[in-house]
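Participant: just a sequence and a predicted model for now, questions to come.
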Amino acid sequence: MANKGRNRSGSLYRRWQNKEYPIDDKATQGKGVIWLRYMLNGKTHKTSLKTAATEEAKQKQKELMAPLVYADEKTALDQLALKARQASEKLDETLEKQNPPLSIADTWQSYAESHERPDSGARTLKDYKSHWKHFTEWLKATHPDILLLKNLTTTIASGYASFLTKEKFSPNTYNKRISFLRLLCATLAEPARLGSNPFEKIRSKKLKPDSKRELSQEELKTVLETATGDLQTLLYIGTFTGMRLGDCATLMWNEVDLG
């Protein structure tokens, strides 16, 4: 049943700096955002008109409140909700055109320049770039229609994880690539407009480290006697000093106390 005898046009007011002002308040003209207040089903409703211009707000008020003149309350509410949703979608489309979400092609550069990523060393960044290249090559071959980072889904993430397993990548390599992609999506969630992290629920694999044992004295003697040249020198230094290979290779004469 229609709202006969009621003011169906609602009233406009301006919100600025968390306060409400009359629509004709001179001090706040052109500032803040204009809102529409109206009664429906005995309740007060408020909706933002997403503009600071008075004339534009009045036009939007007329369009939004028109259904109340002819329709019953339920129909009016449905139509108002539809118009509000359409306005919101139109605003989202405008914002997306002005500031498009992150593309797959621009993702690595954005990650490398991000102030929110971990402060990784040059070697780690090089590995990360390699991981990203491997993933994007797989993505291009399997999902050529995916051009934006926000379009990655849990299904795609799971598909890549299955690919790594099928291709028999080691658990260590698998974990490094999945962990990096999880980190990248978390770091770029805002510019990419990701609703959720597609790699968040992909579990790491249990590592299977290679077993190691010490060489026996006879085995060690055979290794030292068989080696030749600089390799033999490195092995002798390591054996009799206990230093690591890198330290043996960079050892300087002035660091040796022959006495």
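Facilitator: Structure's in. What do you need? Numbering: from 1, shown residues only.

Participant: using CSV, write out every CA atom in the longest strand along the chain.
Facilitator: For the chain, the longest strand by residue count, based on DSSP state E, is strand 33-40. Taking C-alpha atoms only, strand 33-40 is exported to CSV below (Å, rounded to 0.1, in the frame of the first residue of the first chain):
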residue,chain,number,x,y,z
VAL,A,33,29.0,14.7,0.4
ILE,A,34,25.2,15.2,0.2
TRP,A,35,23.0,12.6,1.7
LEU,A,36,19.3,11.8,1.4
ARG,A,37,17.1,11.0,4.4
TYR,A,38,13.6,9.5,3.9
MET,A,39,11.0,7.4,5.8
LEU,A,40,9.9,4.0,4.6
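
Participant: ok, residues contacting it?
Facilitator: For strand 33-40, contacts defined as C-beta atoms under 8 Å, 6 or more residues apart in numbering pick out 3, 6-16, 20, 23, 44-54, 57, 60-61, 64-65, 68, 73, 76-77, 80. Glycine gets a C-beta too; all of them are placed from N, C-alpha and C.

Participant: for Pro191, list the residues it contacts.
Facilitator: Taking C-beta under 8 Å, 6+ apart as the criterion, Pro191 is in contact with 101-102, 110.

Participant: re earlier: filter the contacts of strand 33-40 to the buried ones?
Facilitator: In these, burial by neighbour count holds for 3, 8-10, 12-16, 23, 47, 49-50, 52, 57, 60-61, 64-65, 68, 76-77, 80, counting by 16 or more other C-beta atoms under 10 Å.

Participant: thinking again about what came up before, which among the contacts of Pro191 count as buried?
Facilitator: By neighbour count, with 16+ other C-beta under 10 Å, the contacts of Pro191 hold 102, 110 as buried.
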